[in-house]
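> build the 3D model from these lines:
(2 chains)
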Amino acid sequence: MTEREVVLITGSSRGIGRFLVDHFLERGALVEGCARHPVDWERLGYTHHRVDVTDESQVKAMLSSIHRRHGRLDIAINNAGIAAMNHALLTPGETARQILHVNVLGSFLVCREAAKLMRRRSYGRIVNFSTIAVPLRLEGEALYAAAKSAVEMLTRVLAREFAPFGITVNAIGPTPIETDLIRGVPREKLQQIIDTLAIRRFGTLRDVAHVIDFFVHPASDYITGQVLYLGGGG
Amino acid sequence: MTSLPISRTELSNLVIDSLRDILEQSDRPIPATLDEQTLLFGKGALLDSLALVTLVVDLEQRLEEQFGLTLTLADDRAMSQRHSPFRSVGALVDYLEQLISEESDRD
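So this is what the prediction gives:
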């Protein structure tokens, strides 16, 4: 079995996911990442999988590969997600289906398969991604916020189901961060969101990494089923 | 039915090995004999619901590692069968034979 900590990050090709790849490599971990597309960059200690997280057989194959090569998985970060900003009356059914599939089904499948591998060492840390859009009940984000609400409940229930196996499950709710996910959102809309926060600024990738570091710390073994929002929102 | 890639004895041993490991890990008393008559789940049986979940996951992993078989043991059908395939070691081995046979016929 690999001596080093093994971390799985979904949606690792860009944005928060890519930042977290470097973050965990810097602390000496082996990082496994996935996205639907290949990446045009390489890092020592990073292995990329081309996986659609909504495809059960692809997720299972990725976790089997991690098991075969490393024999362990310490941390899984369910960062893969999609959003679409639109009024509910203008949201196509297909868009709604995709948002629910990637965010909810994708997180569920990765949680399930990760837990099967973590169970073997009776240790694991899972971090899911919610959003500040849930507590703020943001207009124009009905499906995204609904999907992330489901992710929060998944987090809370899985925390109970996985606790006997030594696995914690928590979630982070970021504020807007300047990544591809919000590229299409008008600046004034983003400013309105920022203005509702206790701390009125954009979130940073460092802010997200800091919360994740806390959740995945070995000493955080009594912290599970929690959702932590950045910026004092919610 | 085509001949199976695993014999009944191998399947039976696989289930009993997994069961023994789970009982050991959970500090439960291990009966002197573990065989196909051993009751797994239900009144007076060896496992509680969490230990049964662990057994199912562990068996899926052993089947994949030792025989290269990817099976889903706990599908909706198994959970709704009137005579649960998880009631005894023998019933579970019957059920595994059935699943492996269906998988072989599909190939």
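
> quick one: the helices in the chain, in order.
With no chain named, the answer covers chain A. A:15-26, A:56-70, A:93-100, A:106-118, A:133-136, A:142-162, A:187-195, A:205-216 (DSSP state H).

> try again with chain B
B:8-25, B:49-67, B:76-80, B:89-106.

> buried residues in the least confident helix or strand in chain B by mean pLDDT, which are they?
Across the helices and strands of chain B, mean confidence by mean pLDDT, DSSP states H and E is lowest for helix B:76-80: a mean of 74. Buried residues in helix B:76-80, defined by neighbour count with 16 or more other Cβ atoms under 10 Å in any protein chain shown: B:Ala78. The way it works is simple: take the backbone N, C-alpha and C, and place the C-beta from them, glycine included.

> got a list of contacts for that helix?
Helix B:76-80 has contacts (Cβ atoms under 8 Å, 6 or more residues apart in numbering or on different chains) with B:Ser84, B:Pro85, B:Phe86, B:Tyr95.

> the last one and A:Lys148, how far apart?
Here the criterion is Cβ to Cβ, to the nearest Å. By it, B:Tyr95 lies 38 Å from A:Lys148.

> looking at these two, which is more packed in?
A:Lys148 (27 against 19; other Cβ atoms under 10 Å in any protein chain shown).

> shouldn't the more buried one be in contact with A:Ile99?
No: look at A:Lys148 against A:Ile99 with Cβ atoms under 8 Å: they stay out of range, at 9.4 Å.

> circling back: got JSON lines for the helices of chain B, with distance to A:Leu30 too?
Shown next, in JSON lines, are the helices of chain B (distance: least, Cβ to Cβ, whole Å):
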{"stretch": "helix B:8-25", "distance to A:Leu30": "27"}
{"stretch": "helix B:49-67", "distance to A:Leu30": "21"}
{"stretch": "helix B:76-80", "distance to A:Leu30": "36"}
{"stretch": "helix B:89-106", "distance to A:Leu30": "33"}
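
> and of those helices, who's closest to A:Val59?
helix B:49-67 (14.3 Å; Cβ to Cβ).

> and the angle from the closest one to helix B:8-25?
130 degrees (axes from the mean of the first three to the mean of the last three Cα atoms, to 10 degrees).

> what is the mean pLDDT for helix B:49-67?
On average, the pLDDT along helix B:49-67 is 93.

> other SSEs contacting that helix?
Counting contacts by 3 or more Cβ pairs under 8 Å, 6 or more residues apart in numbering or on different chains; DSSP states H and E, helix B:49-67 packs against helix A:106-118, helix B:8-25, helix B:89-106.

> give the contact list for the closest residue to A:Ser65 other than its chain neighbours.
Leaving aside its sequence neighbours, A:Ser65 sits nearest to A:His49 (Cβ to Cβ, 6 or more residues apart in numbering or on different chains; 7.1 Å). Applying Cβ under 8 Å, 6+ apart to A:His49 gives the contacts A:Glu32, A:Gly33, A:Cys34, A:Met62, A:Ser65.

> per-residue pLDDT of A:His49, please?
So A:His49 comes in at 98 (pLDDT).

> what does the one 10 residues further on give?
The predicted local distance difference test score for A:Val59 is 97.

> got a list of what A:Ile167 touches?
By Cβ under 8 Å, 6+ apart, the contact set of A:Ile167 is A:Ala115, A:Met118, A:Arg119, A:Tyr123, A:Gly124, A:Arg125, A:Ile126.

> same question for A:Phe19.
Per Cβ under 8 Å, 6+ apart, neighbours of A:Phe19: A:Leu205, A:Val208, A:Ala209.

> which of these tops the neighbour count?
Most surrounded of these: other Cβ under 10 Å gives A:Val208, at 24 neighbours.

> that one against A:Tyr229, yeah?
No: counting by Cβ under 8 Å, A:Val208 does not reach A:Tyr229; the two are 11.6 Å apart.

> what residues are shared contacts of the two?
A:Ile172.

> confidence-wise, which helix or strand of chain A is lowest on average?
helix A:187-195 (a mean of 88).
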